[in-house]
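Asker: need coordinates for the below:
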Amino acid sequence: MEPQTMVILIILASILILTALDIWNRYKVRRYVRLAWGKLPRQPRFDKEASLKKAWLTEKKFHDFDSEVDDITWYDLDGFSLFESINLTFSSVGSEALYQQLRNFRFKTDKQLTKLIDFFAADSAAREQSQYTFARLGKQDDNFSKAYLANEAAQSIGSLPFFVFLGLLPLVGILLLLLGFVQGILLTLVSVVFNTIYYSIKKAKLETELNSMRYLVQTIACGSQIAKINTPLQDEIKQSLAPLKKITRFAFSFRAKNGSEGDMLFEYINIIFMLPFISYQTVTTTLSKHQQAAIDLWNLLGKLEVAAAILNFRTYMPITCLPTFQTSGGVEATGTYHPLLSEAVMNDVTWTHNTLVTGSNASGKSTYVKSVAINCILAQTIQTAVAETFTMVPGHVITSMAVEDDLFEGDSYFVAEIKSIKRLLDTVATKQRCYCFVDEILKGTNTVERIASSASIIHWLRAYPSLAFVATHDIELTEILKNDCRNIHFSEQVTEDDGISFDYKVKSGPALSRNAIALLKVMGYPETIVQDAYYAANDFDQNRKWQEL
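Answerer: Numbering: from 1, shown residues only. The predicted structure follows:
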């Protein structure tokens, strides 16, 4: 067989194999997207919070928001688990946008997001096609795309003419061979060997830049495909894409690595012709000239994925509702529950005054307070509440719950606690509406100072247009603050036969039962201990002071 014929057959066979592999991979991706709908998202391989947070901190430079869920509140409410329960996104563009959606919000409803959610609810074919297109893009943690958009990551990696020269040498060799010059074989072999060695050495130093650029270029190529789908954002996406069209020509050299069988073949082609190096230099030049268009495109694509993820959350959660917003009052809701609990108990909310929540440990008061806080965030970020009905005045959400010692700052528990509450008070002092949630206020100090300080803090709050939910074991606060606060409580039943049981239902008024002492008896504590505890508690109720034992 003549060398020319062999070369042609190899090229044709390679094209046929790549085409077959691509068709098979597309089928698998589409099936995956279809089967994932209407279920709790499961994506353990990607979307590490460190990567998402890094992108979010960069993204904040592009936007102004009315409010932010700070790190303490995010941690207190297990924000990342909440994110994961909503995160049916198929690209890092979408997951980064969803993370930001939950960390920042405006006090006005995002009508564009509302329109997108409604559109996907009415047109499942367009929704699935959009998700399939994003799934073809895939995810890449630490992709640094936001850093490129902010002009923080782009740098020169070498001489563009030199890369072009190296990339053309194998083509020249093949052309000479096809024209009958045997020397073409030698030129092709030498250039391929040299390019492979040079590429490997240089890529080892530029791995981060090339991987980041690969994802950025593939995202723009993904945008070109999304622009063909008739969505409410179609015209805006096309407009943002117009000055970036040149970049899509380099999508082949930055083909997304999705684990398919064809990845290695495409990588060989990149190595032989130096395509990533050539493309990198050209793309960075184009991005520097059209930065805002690229930022706009990222925002639009991210919003499409966020809208679909929100719709999926509404689909698989047992009960959700569209929140309503008003200009006065507080929070009114029926059937609220905690979205991260598999067997959550539903409770109503009437929160128009500062409120004390009392009750024993494990009775449900902390879960209830967190469920209200989470719903206040979800209502304002993803326009969804996990409740039968939910109405509120827009406002900041800030918590002080899971306080810990700060070893790095050298803070004790109590110092860390008062710092956490101080940031809450600073927000309230701005006279903006703030929803404050405190669990076991000032529990890091002695009883007398805890009660005195807690009462003073909660009394101070009444002068501002904010609302506080304070969970506490200190029944004394319900008496001291009876003119300032509404009281609600959770209770339990203790019997010798069944031990302790909870109904997890909120009730009006302060907690009055002393089931903790009754539980000592049920658990088999010595009778003398139980009787002495009852006597001391009853004597304190009558005389308001403790007797010596």
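
Asker: run a quick neighbour tally on I398.
Answerer: By the measure other Cβ atoms under 10 Å, the count of residues near I398 is 27. (Each C-beta comes from the backbone N, C-alpha and C, glycine too.)

Asker: what bridges to it?
Answerer: Taking DSSP bridges as the rule, I398 bridges to C436.

Asker: next one: it from V428, what distance?
Answerer: Applying Cβ to Cβ, to the nearest Å, the value for I398 to V428 is 9 Å.

Asker: need the residues touching each of these two.
Answerer: Contact criterion Cβ atoms under 8 Å, 6 or more residues apart in numbering; residues shared by I398 and V428: C434, C436.

Asker: and the next element down the chain from the lowest-mean-pLDDT helix or strand in the chain?
Answerer: Ranking every helix and strand in the chain by mean pLDDT, DSSP states H and E puts helix 263-273 at the bottom, with a mean of 73. Per DSSP states H and E, the first helix or strand lying C-terminal to helix 263-273 is helix 275-289.

Asker: next, the buried residues of that next one.
Answerer: L275, P276, F277, I278, S279, Y280, Q281, T282, V283, T284, T286, L287 (16 or more other Cβ atoms under 10 Å).

Asker: surely the first one and G167 touch.
Answerer: Yes: at 6.8 Å, L275 counts as touching G167 under the criterion of Cβ atoms under 8 Å.

Asker: which positions within the least confident helix or strand of the chain qualify as buried?
Answerer: By neighbour count on 16+ other Cβ under 10 Å, the buried set for helix 263-273 is F266, N270, I271, I272, F273.

Asker: same question for stretch 114-122.
Answerer: Within stretch 114-122, the residues that count as buried by 16+ other Cβ under 10 Å are L116, I117, F119, F120.

Asker: for K39, give me phi and psi.
Answerer: phi -130, psi 160 (degrees, to the nearest 10).

Asker: number of nearby residues for it?
Answerer: Count around K39 with other Cβ under 10 Å applied: 11.

Asker: who's in contact with it?
Answerer: By Cβ under 8 Å, 6+ apart, K39 lies in contact with N312, Y316.

Asker: do you know the pLDDT at it?
Answerer: pLDDT, K39: 95.

Asker: ok, now F325?
Answerer: With respect to pLDDT, F325 has a value of 97.

Asker: which residue is the nearest non-sequential neighbour of it?
Answerer: Closest residue in space to F325, ignoring its immediate chain neighbours: P394 at 5.7 Å, by Cβ to Cβ, 6 or more residues apart in numbering.

Asker: next one: P243
Answerer: P243 sits nearest to H290 (Cβ to Cβ, 6+ apart), 4.2 Å away.

Asker: please name the nearest non-neighbouring residue to R314.
Answerer: Nearest residue to R314, sequence neighbours excluded (Cβ to Cβ, 6+ apart): T320, at 4.7 Å.

Asker: the one you found: how many residues sit nearby?
Answerer: When neighbours are counted by other Cβ under 10 Å, T320 registers 20.

Asker: ends of stretch 71-89, what's the gap?
Answerer: Separation of the first and last residues of stretch 71-89 by Cα to Cα, to the nearest Å is 23 Å.

Asker: tell me which stretches of the stretch 101-250 of the chain form helices.
Answerer: Secondary structure of the stretch 101-250 of the chain (DSSP state H, counting those that start in this stretch): helices located at 111-122, 124-137, 145-149, 160-178, 183-205, 207-226, 234-241, 245-248.

Asker: angle of the least confident helix or strand of the chain against helix 275-289?
Answerer: Per axes from the mean of the first three to the mean of the last three Cα atoms, to 10 degrees, the angle that helix 263-273 makes with helix 275-289 is 80 degrees.

Asker: who does helix 263-273 touch, helix- and strand-wise?
Answerer: Judged by 3 or more Cβ pairs under 8 Å, 6 or more residues apart in numbering; DSSP states H and E, helix 263-273 is in contact with helix 3-36, helix 160-178, helix 183-205.

Asker: may I have the last one as PDB, with CA atoms only?
Answerer: Extracted as PDB, the C-alpha positions of helix 183-205 are listed here (Å, rounded to 0.1, in the frame of the first residue of the first chain):
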ATOM      1  CA  GLN A 183      11.300  13.600   2.900                       C
ATOM      2  CA  GLY A 184       7.900  14.600   4.200                       C
ATOM      3  CA  ILE A 185       7.900  11.400   6.400                       C
ATOM      4  CA  LEU A 186      11.100  12.500   8.100                       C
ATOM      5  CA  LEU A 187       9.900  16.100   8.600                       C
ATOM      6  CA  THR A 188       6.600  14.800  10.100                       C
ATOM      7  CA  LEU A 189       8.300  12.400  12.500                       C
ATOM      8  CA  VAL A 190      10.900  14.900  13.700                       C
ATOM      9  CA  SER A 191       8.400  17.700  14.200                       C
ATOM     10  CA  VAL A 192       5.900  15.400  16.000                       C
ATOM     11  CA  VAL A 193       8.600  14.200  18.400                       C
ATOM     12  CA  PHE A 194       9.900  17.700  19.000                       C
ATOM     13  CA  ASN A 195       6.500  19.100  19.500                       C
ATOM     14  CA  THR A 196       5.500  16.300  21.900                       C
ATOM     15  CA  ILE A 197       8.600  16.900  24.100                       C
ATOM     16  CA  TYR A 198       8.300  20.700  24.000                       C
ATOM     17  CA  TYR A 199       4.600  20.600  24.700                       C
ATOM     18  CA  SER A 200       5.100  18.300  27.700                       C
ATOM     19  CA  ILE A 201       7.800  20.400  29.200                       C
ATOM     20  CA  LYS A 202       6.000  23.700  28.800                       C
ATOM     21  CA  LYS A 203       2.600  22.300  29.800                       C
ATOM     22  CA  ALA A 204       4.000  21.100  33.100                       C
ATOM     23  CA  LYS A 205       4.700  24.700  33.900                       C
END
